[in-house]
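Participant: need a 3D model of the sequence below.
(2 chains)
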2 protein chains.
Amino acid sequence: MRIGICAPSTPFTRDDAARVTGLAATAHPAADLFFHDQCFVEAGHFAGPDHARCDAFVDLANDPGFDAVWFVRGGYGACRIAEDAVAALKSAAGDKIYMGYSDAGNLLGALYAAKVGRACHGPMPADIRRCGGEAAVLRALDWMLNASPHALEPHVQAGEKHAAFNLMTLAMMAGTPLMPDLKDHVLMVEEVSEYLYGYDRAFFHVTSHLKSAGLAGLRLGRVSDVPDNDRPFGEGAEEIARRWCTKIGINYLGRADIGHDADNRIVPFGLATSSAAP
Amino acid sequence: MRIGICAPSTPFTRDDAARVTGLAATAHPAADLFFHDQCFVEAGHFAGPDHARCDAFVDLANDPGFDAVWFVRGGYGACRIAEDAVAALKSAAGDKIYMGYSDAGNLLGALYAAKVGRACHGPMPADIRRCGGEAAVLRALDWMLNASPHALEPHVQAGEKHAAFNLMTLAMMAGTPLMPDLKDHVLMVEEVSEYLYGYDRAFFHVTSHLKSAGLAGLRLGRVSDVPDNDRPFGEGAEEIARRWCTKIGINYLGRADIGHDADNRIVPFGLATSSAAP
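Facilitator: Residues are numbered from 1 along each chain as shown, chains lettered A, B, ... in the order given. The predicted model follows:
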C-alpha cells in the first residue's frame, strides 16, 4: 500500500519523518510511505504558502499511484486551502483513505462534504513525537493496511454513521463551505489546550449550529491540557458537554476514545461497514 | 439620567464600583449610577448562575426608571443568556441605551437583531482598572448623557450604518440566533489576547459567514496583547484582515479606533444620526 504524506497546516522535520519510515518498515513492511517534500517547507507559521500546501495535497490525492493520503501534522492552516483543494480533485481521489485529526479536520470535513474518498479521524505521523506515540502511528497503519477492528474507536458500529472533530476546528468550520451534513451521525469531539470558558463557548456555537442537523448523538473525547483559568470555571468538561446537549436537544451518548494523545482511536467518517473490536 | 449596571458575564467588585460612582459624581453629576447587586455575585467563572445574570439584566431593561443599561464587564458568559434575556424584554426596554464590548457583544448583537433599544459598543465600568481608564469611563458617560461627538469612533458618520464587535465574540455568534443582519453596515472588529493563528482562523470563519451579508465594509480596530507563537506567523494583523476581505469580497476600509484599551471609542449600532467630531 502506497501512502502519500503532505502537510496542509504546519511543517514536519526530516528526522521525524525518518523515524516514522523506520517504524513502518519494521512493523508494516507492506506500507510504502512517501513524504512529499512540501512536508518540510517552512513559510512563517505554515508548511509553505497556501498554494504550495494545496498543490501538494491535490497532487497526492489525484495520483492513482497512492492508496491513501496521510496528513502529517495539525497546527493551523488547512481551512485556508480545503475548499480549493477539494474542488481540484479528480476521480482518482475518490478511491483513497484520508487520515488525520486536529486542524486536518478541515480537510476531512470538506472531503466528506464532497463525498470524496474515505475520511478517517485518526493519528498522524507527528504523533511519533508523543510519549508512546509509536503505538498511535502503528494504529493508523493497522487501520489503513488491515482495517483492524482494534484500531477503531470502541463505539464505532457497523450500520451507524460517525464523524469526529476537534471541537474548536469544528466550531470554525460550522456554517462555512467546509461543513459536512451530519444528519443521523454520531458526532465525536475532543479538545486540547483551550480554557474551559473557550470550550464552553465553542459548545454554544457548535450546538447552536447543529440544533437542526438531526445528529444521532454526541460523544465527548478527551479534553486535555486545559489551561488554568484565573478562577475555577465551576463545571468539568463532561458536565459542560452534557448541559449544552440537553439545552439544545442533542442526545449525549457518553465518552469517546479520541483525543490529542497517543491513545487516539480511529473514527472513519460516514456509514461504518465494520464494528470496533470489543 | 439613571443608568442601571449589571454583569451578564463575570463579576465586579464593590471597591471598583465605588471608584466608578465617585468619578461619575464628580464629572457627571447628572448621571445616577445603580450597580445591581448581581454585579458582585460569584459562581465559578460567572457573576452568578445563568438565571441570575439573565434576571438582573431583564429587570433593569424592563424598568422604565432606567434610561440606560451598562454592562459592567466582559469575560465570558453573555452568550449563555442573551437569547432568553432578549425574549423576556418588554416595551420599556426599547427606550434605552445598552453599552458594553467584548463578551457583552453577545447582548449587543441580540438586542440589535431584535431591534430593541440602542446598542452601543463602548467602554464599561471595568475599564476603571486600566491605566488611563477614567477617560474610558467618562467617554461612555459623555455619550450616554450628552451624545458627545468626541466620544464616537472617528469614522462614525450620520447616514451610515455601523456595528462593532470583538472578533472572536462575533465568530462564535455567527450562525446563532444572536447574530444580527449586517447588510449595508460598516463592521468594526477588534481583538485581544489571541494568537495570530487563532485570529486568522476567526477571520476565516467570520468572513465566510458574512460573504453574502452585504456589508458596506470592514474596519479593523486594535489587535492587542497577541501571545507569541512558537514561530513568527508571517503576517501582521492588518495584512491578515486585508487578505481575508480581499479573498471573500468584503471592502476593507482601514483601521478603527476601538480596542480592549482606554482609548476605545464608541460605535452606536445601526443608522447613525450624528457624526463623530473630526
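Participant: so where's the stretch 101-250 of chain A uncertain?
Facilitator: Across the stretch 101-250 of chain A, nothing is flagged by pLDDT under 70.
Participant: show me what the helix or strand encompassing residue A:164 is packed up against.
Facilitator: Using DSSP states H and E, residue A:164 sits in strand A:161-166. Packing contacts for strand A:161-166, counted by 3 or more CB pairs under 8 Å, 6 or more residues apart in numbering or on different chains; DSSP states H and E, involve helix A:105-113, strand A:118-121, strand A:185-192, strand A:267-268, strand A:270-271. (C-beta placed from N, C-alpha, C; glycine too.)
Participant: tell me which other helices or strands the third one touches.
Facilitator: Applying 3+ CB pairs under 8 Å, 6+ apart, one finds that strand A:185-192 makes contact with strand A:161-166, helix A:167-173, helix A:196-210, strand A:217-224.
Participant: could I get these as TSV with mean neighbour count?
Facilitator: Converted to TSV, those look like this (neighbours: other CB atoms under 10 Å in any protein chain shown):
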stretch	mean neighbour count
strand A:161-166	26
helix A:167-173	27
helix A:196-210	23
strand A:217-224	22
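Participant: for residue A:154, which of the ones you listed is the nearest?
Facilitator: Closest approach to residue A:154 among these (CB to CB): strand A:217-224, 10.3 Å.
Participant: can you give me the helices in chain A?
Facilitator: For chain A, applying DSSP state H gives helices covering A:14-27, A:50-62, A:82-87, A:105-113, A:133-146, A:167-173, A:196-210, A:237-248.
Participant: touching chain B at all, the shortest one?
Facilitator: No. Counting by CB under 8 Å from any CB of the partner chain, chain B is not contacted by helix A:82-87; separation bottoms out at 9.2 Å.
Participant: number of residues surrounding the residue in the stretch 151-278 of chain A that chain B sits nearest to?
Facilitator: The nearest approach of the stretch 151-278 of chain A to chain B comes at residue A:234, 1.9 Å away (CB to the nearest CB). Using other CB atoms under 10 Å in any protein chain shown, residue A:234 has 16 neighbouring residues.
Participant: ok, residues contacting the strand holding residue A:164?
Facilitator: With CB atoms under 8 Å, 6 or more residues apart in numbering or on different chains as the test, strand A:161-166 has contacts from A:74, A:101-103, A:105, A:108-109, A:112, A:121, A:153, A:156, A:173, A:180, A:182, A:184-192, A:216, A:221, A:256, A:258, A:260, A:267-272.
Participant: residues contacting the residue positioned nearest the centre of chain A?
Facilitator: By CA atoms, centre = their mean, chain A has its centre lying nearest to residue A:101, at 2.1 Å. Contacts for residue A:101 (CB under 8 Å, 6+ apart) come out as A:74, A:108, A:121-124, A:164, A:166, A:258, A:260, A:264.
Participant: go again with 10 Å.
Facilitator: By CB atoms under 10 Å, 6 or more residues apart in numbering or on different chains, the contact set of residue A:101 is A:71, A:74, A:108, A:120-124, A:127, A:140, A:164-166, A:169, A:190, A:221, A:258-260, A:264, A:266-267.
Participant: kindly report the same for residue A:234.
Facilitator: A:196, A:200, A:240, B:42-46, B:49.
Participant: now for those residues: which two are most distant?
Facilitator: Comparing all pairs in the contacts of residue A:234 by CB to CB, the longest separation belongs to A:240 and B:42, at 18.5 Å.
Participant: who has more neighbours, the two?
Facilitator: The neighbour comparison of residue A:240 against residue B:42 (other CB under 10 Å) goes to residue A:240, with 21 against 12.
Participant: report the separation between the residue nearest to the more buried one when sequence neighbours are not counted and residue B:128.
Facilitator: Among residues not flanking residue A:240 along the chain, residue A:200 sits closest, at 5.2 Å (CB to CB, 6 or more residues apart in numbering or on different chains). Counting by CB to CB, to the nearest Å, the gap from residue A:200 to residue B:128 is 27 Å.
Participant: for the nearest residue to residue A:7 once chain neighbours are set aside, grab phi and psi.
Facilitator: The shortest distance from residue A:7 to any non-neighbouring residue, by CB to CB, 6+ apart, is to residue A:47 (3.7 Å). With angles defined as degrees, to the nearest 10, residue A:47 sits at phi -90, psi 60.
Participant: with adjacent residues omitted, what lies nearest to residue A:231?
Facilitator: Counting by CB to CB, 6+ apart, the residue nearest residue A:231 is residue B:45, at 6.5 Å.
Participant: that neighbour contacts residue A:230, doesn't it?
Facilitator: Yes. Between residue B:45 and residue A:230 there is a contact under CB atoms under 10 Å: 8.7 Å.
Participant: who touches both of these two?
Facilitator: A:195, B:10, B:75.
Participant: list the contacts for the second one?
Facilitator: By CB under 10 Å, 6+ apart, residue B:10 lies in contact with A:197, A:230-231, B:39, B:42, B:44-47, B:53, B:72-78, B:103, B:126.
Participant: quick check: it vs residue B:18, distance?
Facilitator: With CB to CB as the criterion, residue B:10 and residue B:18 are 19 Å apart.
Participant: contacts only, for the residue nearest to residue A:48 when sequence neighbours are not counted.
Facilitator: Excluding the flanking residues, the one nearest residue A:48 by CB to CB, 6+ apart is residue A:41, at 3.8 Å. Residues near residue A:41 by CB under 10 Å, 6+ apart: A:7, A:11-12, A:47-49, A:52-53, A:56.
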